[in-house]
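S.K.: need the 3D shape of this:
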Amino acid sequence: MVEVVAVVAWLNRVRNGFWFLPAVCAVLAVLLGLVVTGLDQAFAGALPFLFAGGSDGARSLLSSITSSMISFTGLVFSITIVVLQLTSSQFSPRVLRTLLQDRTSQLALGVFVATFLYAMTVQRSVRGGDGDTQEFVPQLGVTLAYGFVLLSVALFIRYIHHIANAIRAVSIITSVADEARGVIDGWPEPAPEPPPPPSGTPQRRLSTPAPGVVITIDTKRLVRAAEAADVVFVLVPHPGDFVCTGAEIIDVYGAAADDIDEETVVPALALDRERTMDQDAAFGFRQLIDIAERALSPGVNDPTTAVQAMDQLRDLLRLIAGRRLPDGLFCDSAGRLRVVVPQLDFADYLDLAIDEIAHYGENSLQVRAHLAHLLRDLRNVARPEYKPAVERKISELLTAGIIDPNLVRSAPAGSTVAGPSDQSPSSG
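M.R.: Residues are numbered from 1 along each chain as shown. Model (predicted):
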């Protein structure tokens with residue numbers, strides 16, 4: 001069971017790893033070099049418009065390509081490391097995963113490595129005409145190597161432009177928010193009349209053999225296992241929670257609880273070393289909050305960046321406020337409840353988005369004004385069952401003296417409040 005959990009976590013790291021795409025490019029480059037060399041040997045002299053130099057010229061060109069491309073690769077790697085260090089210190093270490101998943105940076109490094117390896121592979125097949133050895137110049141291979149150099153130069157220019165924009169605060173904030181919106185859009189619609197979850201004492205409790213953060217929950221696998229044993233699984237953690245070794249993670253309700261194969265059920269909760277946004281929209285909130293708090297720290301003192309993060313939090317809250325949240329209840333094909341996964345409610349997301357920023361930004365005019373407009377906007381667009389949570393939060397901030405009562409007066413129903421960044425000079 002430990003091995004299965006480790007494999008799932010490893011596959012997730014491979015999929016999201018920075019090295020995977022460059023490694024694929026490197027392997028393909030070596031294979032392409034071998035294939036093209038074989039084609040050159042099969043069609044020697046029959047292909048027009050190709051490299052027309054001799055073996056010495058081919059070696060010189062390929063040597064220049066290999067030396068220049070390894071320099072390109074080192075430069076890209078150095079720039080990437082500096083960007084990661086700057087982002088971690090300036091914004092939040094939690095956003096490094098977003099940058100490491102950036103396909104443009106991965107592709108740039110991959111193409112440079114691939115061009116280097118391709119040129120090396122083709123160069124090894126060049127033979128001079130001295131002695132008993134017949135001269136062989138891989139014309140197609142050398143021509144393609146030159147083409148890869150042109151592609152690398154174009155991609156390098158694109159990479160510099162991309163990385164300069166990627167480290168802008170607005171780009172990082174927007175990337176995090178877009179990923180969180182994707183998770184929210186993928187939430188399943190709750191059932192109109194959900195079945196009640198089981199109550200009382202569970203017949204069995206399943207524990208985890210290793211520590212880690214719950215990143216994904218395979219509910220389909222759990223439903224199948226619960227249906228086969230005619231039991232109900234009630235999960236203790238939800239995606240984003242850290243579980244300790246031996247901690248209880250699944251409560252089993254049903255007479256056949258003792259027949260459950262723990263090694264089949266527990267791995268349905270994939271663990272990793274850190275949170276991801278695969279099924280955890282709250283992690284997107286967490287990253288935006290961290291950026292805002294770092295911007296509000298005395299060492300940085302950049303409330304405008306904090307406000308940009310708050311604008312995205314506001315949009316995420318509006319998205320949540322206008323829909324029914326998942327109930328975490330999963331039934332089998334016959335409509336019988338089989339799996340219960342704990343869920344955050346609207347009040348949880350509201351507290352998460354506001355409380356810490358209100359604490360650290362209570363002395364910032366921009367932050368206080370944006371908090372007031374955020375809550376006023378949510379009051380207008382939230383579903384009726386969410387409005388008490390909004391009113392409670394308004395009351396808390398009014399009591400603490402963080403927001404101005406005049407800024408949370410009721411607006412016409414259904415209106416969209418622009419916020420001070422759009423209509424007030426206080427935002428700078």
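
S.K.: residues near the spatially closest residue to Glu179 that is not a sequence neighbour, how many?
M.R.: Spatial nearest neighbour of Glu179, excluding adjacent residues (CB to CB, 6 or more residues apart in numbering): Met277 at 5.2 Å. All C-beta spots, glycine's among them, are computed from the backbone N, C-alpha and C. Residues lying near Met277 (other CB atoms under 10 Å) number 21.

S.K.: likewise for Thr305?
M.R.: As a burial measure, Thr305 scores 20 neighbours (other CB under 10 Å).

S.K.: which strand or helix spans it?
M.R.: Assigned by DSSP states H and E, Thr305 belongs to helix 303-321.

S.K.: contacts for the next helix or strand after that helix, please.
M.R.: Next along the chain after helix 303-321, taking DSSP H and E as the criterion, comes strand 329-331. Here strand 329-331 makes contact (CB atoms under 8 Å, 6 or more residues apart in numbering) with 190-191, 194-195, 197, 219, 222-223, 337-341.

S.K.: which members of the residues you listed are classed as buried?
M.R.: For the contacts of strand 329-331, a burial check counting by 16 or more other CB atoms under 10 Å picks out 219, 222-223, 337-341.

S.K.: pipe the residues you listed into TSV and attach pLDDT, secondary structure and distance to Leu61 per row.
M.R.: Converted to TSV, these look like this (pLDDT from 0 to 100; DSSP: H, G, I helix; E, B strand; the rest coil; distance: CB to CB, whole Å):
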residue	pLDDT	secondary structure	distance to Leu61
Thr219	91	helix	57
Leu222	92	helix	59
Val223	93	helix	61
Leu337	92	strand	69
Arg338	92	strand	65
Val339	93	strand	62
Val340	93	strand	66
Val341	94	coil	60
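
S.K.: export the residues you listed to JSON lines and tack on distance to Pro209?
M.R.: Below are the buried ones among the contacts of strand 329-331 laid out as JSON lines (distance: CB to CB, whole Å):
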{"residue": "Thr219", "distance to Pro209": "21"}
{"residue": "Leu222", "distance to Pro209": "17"}
{"residue": "Val223", "distance to Pro209": "23"}
{"residue": "Leu337", "distance to Pro209": "27"}
{"residue": "Arg338", "distance to Pro209": "23"}
{"residue": "Val339", "distance to Pro209": "21"}
{"residue": "Val340", "distance to Pro209": "22"}
{"residue": "Val341", "distance to Pro209": "20"}
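
S.K.: so which strand or helix has the residue nearest the centre of the chain?
M.R.: Nearest residue to the geometric centre of the chain (CA atoms, centre = their mean): Thr98, 5.0 Å. Assessed by DSSP H and E, Thr98 sits inside helix 96-100.

S.K.: how many neighbours does Leu96 have?
M.R.: Using other CB under 10 Å, Leu96 is surrounded by 17 other residues.

S.K.: oh, that last question was meant for Arg124, not what I typed.
M.R.: Applying other CB under 10 Å, we find 13 residues neighbouring Arg124.

S.K.: which intervals of the stretch 101-250 of the chain have sub-threshold pLDDT?
M.R.: 129-133 (pLDDT under 70).

S.K.: tell me where it has strands.
M.R.: 204-207, 212-217, 232-235, 242-243, 248-253 (DSSP state E, counting those that start in this stretch).

S.K.: residues of the third one that come out buried?
M.R.: For strand 232-235, burial by neighbour count (16+ other CB under 10 Å) applies to 232-235.

S.K.: save those as JSON lines, and put in distance to Val113 too.
M.R.: Shown next, in JSON lines, are the buried residues of strand 232-235 (distance: CB to CB, whole Å):
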{"residue": "Val232", "distance to Val113": "51"}
{"residue": "Phe233", "distance to Val113": "46"}
{"residue": "Val234", "distance to Val113": "49"}
{"residue": "Leu235", "distance to Val113": "43"}
